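# return atomic coordinates for the entry below.
(2 chains, ligands or ions: 2)
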Amino acid sequence: MIAADRLVKTFRDRKRGEIRAVDGVSFQCQPGQIYGLLGANGAGKTTTLRLLATILQPTSGTAQVAGFDVTTQPGEVRARIGFLSTATALYGRLTARETIEYFGRLNGMDEELLQQRATALLELLELSQAAHGRCDKLSTGMKQKVSIARTLIHDPPVMIFDEPTLGLDVMSARAITRFIRECRDRQKTVLFSSHVMSEVEKLCDRIGILHQGKLLAEGPPAELKARAGVADLEDAFVRIVEGLQ
Amino acid sequence: MNWRRIRTVFRKELVDALRDRRTIISTIIVPIILFPLLTIGFGAVAAKAVKKMSQETPSVMILGAEYAPDLAAQLATNRAFTVTKPRANYVAEINDKQLRAAVEIPPGFEAALLAGNAPPPEIKICHYASEMRSEFAVRALQKALLDYRDQIVAKRLRDKGMNSDVLRPFETLQQNVASAKKVGGNLLGGLVPYMLILLCLVGAMNPAMDITAGEKERGTIETILASPITRLELVLGKFFMVLTMSLCTTVISLLSYGLTFSLPFFALRELTKSGPVSLDLSLGSVLSLFVLVVPLAIMFSGLLLATSVFAKSYKEAQSYVSPLMALVIIPAVAVMMPGVDLNFSLAMIPILNVSLVCKEVLSGTYHWGLISIVFLSSCGYAAIALSLAVHFFKKEAVLFRS
Ligand SMILES: Nc1ncnc2c1ncn2[C@@H]1O[C@H](COP(=O)(O)OP(=O)(O)OP(=O)(O)O)[C@@H](O)[C@H]1O
Ligand SMILES: [Mg+2]
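Ligands and ions are numbered 1, 2, ... in the order given. Take a look at the predicted model:
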């Protein structure tokens, strides 16, 4: 599971001065649940996810991921997460299979198990045909699938996805969301960020609305809509965000 | 520290680099062709040019031949130059490189010689300074004129009943006692270490920029940072790859250099063996060069990683690394200047010290004390550079610069 406790992250920027990118964010995400962080551009989604993935150190506050503390046991945390960053960034000169194997080895997987899982994952994501072609020759949708396969090769209990469907066509996006749902069904803890309301509404068990680094509201989609008194999540989002201003 | 993970990163980066055309060119192709091209190509072109120039018989003009019929007759039969008809615009012709030189004989020259009048008459040679073919003509003319003067002197002495030997109380003789190897070392000493050091840097440059700034630019680094590998292991894996590439370049260039001199069709070895200059490299000196270059390669690899991890893009990294290249060239070139020889304080200056030792080793001199100081101080600088790279890889502000 994931439990963020009053996470704060500030950046020092030469032009803008001190930026509070994440400003006291607390939430919990249980195994078998999909938690969606919803926020506009610059809301602090990526920064929050990076803090949970131990790529960045929190300025204050803390978080537990899969039972380990992100500040004191970052190695343990990293061994138990699959992290997908925003851009579909792959090593263009490696093949899909090499990419997946690389991450398996970085996770200390035993070679036999690694080969088995790599084959299975490539099949599951319908990548078997493209497995031996260079990544820079793949389509955007295929690249994203390889990115996902690489984050899951070591079968982590916690998955953190930063805008996994960004820039994908409908079919590719659907393949990804279907896959995320399957992960939930296998009792994984799934945290992902998005600014696409419909996707979040269909997929998530809980939603956190992030605005200027603060978590303004949190709960199941239906509850959020009821609280805002509207039938549409987008309206609810706008009301919650504007309610503060 | 987990060596399996370091090995994993190393192997992946190596595969990745060997599929990158830019890296293949700078790490493998350039060092293969550079030495043969430089030594043979440049040497051949220069030799050909010099040969062509010395083969040409320069045309010269004699003005006032009527004042010195005897001398003019001698010059006309000289085979080192051809005498053309006197024309008034000879200055313009020399400037236009039509005529190589002109001799102006003053009026009454031969009469003055016979009379032995003081002050002695002057012959002027007009030429084009710094124009090599004109210089050749001047040299030939001067020789002919001095020969003529010697004849006059000998005649005057004979008239006075003396032998011309009185003018030569003793002779001087030059003999080269430096071994052919040392002469070769001094000639090559400048160039070889310079090339080695430069290639050692160039070979590491592309891979280092690609796996730091390039990885940041493409956004692949984030996922690596979220994997169980520690930052130290990551830097070490990358570092070993860059080091491998740098050493590869060095070895390839040394091999190519060796082959340039030993393969029969290059024939350069035969050419230099018989002469007073040996450009031959022994296996021992090649190995010593390699051992000395290793700490330098470590330092370059660390330094390149540290500087390029700062950059947000490959382009930006290039702009940081270019001044580094200039910084490396300066001490490497300094070695080629005369009078710069290895001593204790120079042994502490990075890069320069290695160039100096290379120069000594190539000429067969081994000052073991100084060599170990150079090796140790290079290792020290290498350690500093590497820890700098590790330090930067651990800094959020460097990895996620906005
Ligand atoms: N390394 C950094 N240095 C300085 N400021 C940063 C850094 N990273 C993020 N920020 C700032 O922090 C704020 C939050 O950024 P973040 O990337 O977390 O937003 P986001 O919700 O992911 O936005 P987007 O939808 O554009 O991805 C922004 O104002 C951003 O400019
Ligand atoms: Mg983002």
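
# and residue A:218, backbone torsions?
Residue A:218 adopts backbone torsions of phi -160, psi 140, taken as degrees, to the nearest 10.

# so how many other residues sit close to the nearest residue to it once chain neighbours are set aside?
In space, and not counting its chain neighbours, residue A:218 is closest to residue A:208: 4.6 Å by Cβ to Cβ, 6 or more residues apart in numbering or on different chains. Quick note: C-beta positions are derived from backbone N, CA and C, even for glycine. A count of nearby residues for residue A:208, using other Cβ atoms under 10 Å in any protein chain shown, gives 26.

# surely residue A:208 is in a strand?
Yes: the assignment for residue A:208 by DSSP: H, G, I helix; E, B strand; the rest coil puts it in a strand.

# quick check, it in contact with residue A:34.
No: look at residue A:208 against residue A:34 with Cβ atoms under 8 Å: they stay out of range, at 11.8 Å.

# could you find the closest non-adjacent residue to residue A:39?
That would be residue A:210: by Cβ to Cβ, 6+ apart, it lies 3.6 Å from residue A:39.

# is any part of stretch A:81-94 close to chain B?
Yes: applying Cβ under 8 Å from any Cβ of the partner chain, one finds stretch A:81-94 touching chain B at A:81, A:83, A:84, A:85, A:86, A:87, A:89, A:90, A:91, A:92, A:93, A:94.

# mind checking the pLDDT average for that stretch?
Throughout stretch A:81-94, pLDDT has a mean value of 87.

# gap between the two ends of that stretch?
End-to-end span of stretch A:81-94 (Cα to Cα, to the nearest Å): 23 Å.

# again with stretch A:73-92
Using Cα to Cα, the end-to-end distance of stretch A:73-92 comes to 32 Å.

# list the buried residues in it.
A:73-74, A:76-92 (16 or more other Cβ atoms under 10 Å in any protein chain shown).

# just give me the residue right at the centre of chain A.
residue A:161 (1.6 Å; Cα atoms, centre = their mean).

# does that one count as helix, strand or coil?
strand.

# for residue B:387, give me its contacts.
residue B:302 (Cβ atoms under 8 Å, 6 or more residues apart in numbering or on different chains).

# so after whichever helix or strand it is part of, what's the next helix or strand?
Assigned by DSSP states H and E, residue B:387 belongs to helix B:368-393. With elements assigned by DSSP H and E, the helix or strand that comes after helix B:368-393 is helix B:396-399.

# and that following helix, what's its mean pLDDT?
87.

# report whether that helix contacts ligand 1.
No: figure legend: helix B:396-399 not in contact with ligand 1 (Cβ under 6 Å from any ligand atom); closest approach 7.4 Å.

# which outside residues touch that helix?
A:12, A:56, A:57, B:216, B:221, B:225, B:309, B:310, B:392, B:393.

# list the buried residues for that helix?
Neighbour count says helix B:396-399 has B:398, B:399 buried, by 16+ other Cβ under 10 Å.

# and that helix, how far out from the chain middle?
Relative to the chain's own centre, helix B:396-399 is displaced by 41 Å; criterion: Cα atoms, centre = their mean, to the nearest Å.

# send me it as CSV with only the CA atoms.
The C-alpha trace of helix B:396-399 is given here as CSV (Å, rounded to 0.1, in the frame of the first residue of the first chain):
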residue,chain,number,x,y,z
GLU,B,396,18.6,16.3,-7.2
ALA,B,397,19.3,19.8,-8.3
VAL,B,398,21.7,18.4,-11.0
LEU,B,399,19.6,15.5,-12.2
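
# circling back to that earlier point, okay, the residue nearest to residue A:218 and residue B:5: tell me how far apart.
Distance, residue A:208 to residue B:5, using Cβ to Cβ, to the nearest Å: 34 Å.

# and what of residue A:66?
20 Å.

# quick one, which of those two is more surrounded?
residue B:5 (21 against 17).

# related to what we said a few turns ago, quick one: buried residues of the helix holding residue B:387?
B:370-371, B:373-375, B:377-378, B:381-382, B:385-386, B:388-390, B:392-393.

# so how far is that helix off the chain centroid?
27 Å.

# now for the buried residues of helix B:368-393, which pair is the farthest apart?
B:370 and B:393 (34.9 Å; Cβ to Cβ).

# what about stretch B:73-89, start to end distance?
Terminal-residue distance, stretch B:73-89 (Cα to Cα): 23 Å.

# how is chain A carved up into domains?
What automatic domain parsing lists as the domains of chain A is A:1-80+A:158-245, A:89-155.

# for the residue nearest to residue A:39, what are its contacts?
Going by Cβ under 8 Å, 6+ apart, the list of residues near residue A:210 reads A:25, A:37, A:38, A:39, A:43, A:44, A:45, A:48, A:216.

# where does the stretch 1-150 of chain B have low pLDDT?
The model of the stretch 1-150 of chain B has pLDDT under 70 over residues B:39-47, B:49-50, B:53-54, B:117.

# check it for the residue nearest ligand 1 and tell me.
residue B:9 (23.8 Å; Cβ to the nearest ligand atom).

# now that residue. Nearest residue, chain neighbours left out?
residue B:237 (2.6 Å).

# residue B:158 now?
residue B:164 (7.8 Å).

# go ahead and confirm that neighbour touches residue B:155.
No: between residue B:164 and residue B:155 there is no contact under Cβ under 8 Å: 9.3 Å.

# restrict stretch B:143-162 to CA atoms and write it as PDB.
The C-alpha trace of stretch B:143-162 is given here as PDB (Å, rounded to 0.1, in the frame of the first residue of the first chain):
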ATOM      1  CA  LYS B 143      77.100  29.700 -53.400                       C
ATOM      2  CA  ALA B 144      78.100  30.600 -56.900                       C
ATOM      3  CA  LEU B 145      79.200  34.100 -55.800                       C
ATOM      4  CA  LEU B 146      81.100  32.800 -52.800                       C
ATOM      5  CA  ASP B 147      82.900  30.400 -55.100                       C
ATOM      6  CA  TYR B 148      83.900  33.200 -57.300                       C
ATOM      7  CA  ARG B 149      85.100  35.200 -54.300                       C
ATOM      8  CA  ASP B 150      87.200  32.300 -53.200                       C
ATOM      9  CA  GLN B 151      88.800  32.100 -56.600                       C
ATOM     10  CA  ILE B 152      89.700  35.800 -56.400                       C
ATOM     11  CA  VAL B 153      91.100  35.400 -52.900                       C
ATOM     12  CA  ALA B 154      93.200  32.400 -53.900                       C
ATOM     13  CA  LYS B 155      94.500  34.300 -56.900                       C
ATOM     14  CA  ARG B 156      95.500  37.300 -54.700                       C
ATOM     15  CA  LEU B 157      97.300  35.100 -52.200                       C
ATOM     16  CA  ARG B 158      99.100  33.300 -55.100                       C
ATOM     17  CA  ASP B 159     100.200  36.700 -56.400                       C
ATOM     18  CA  LYS B 160     101.600  37.400 -53.000                       C
ATOM     19  CA  GLY B 161     103.400  34.000 -52.900                       C
ATOM     20  CA  MET B 162     101.100  32.500 -50.300                       C
END
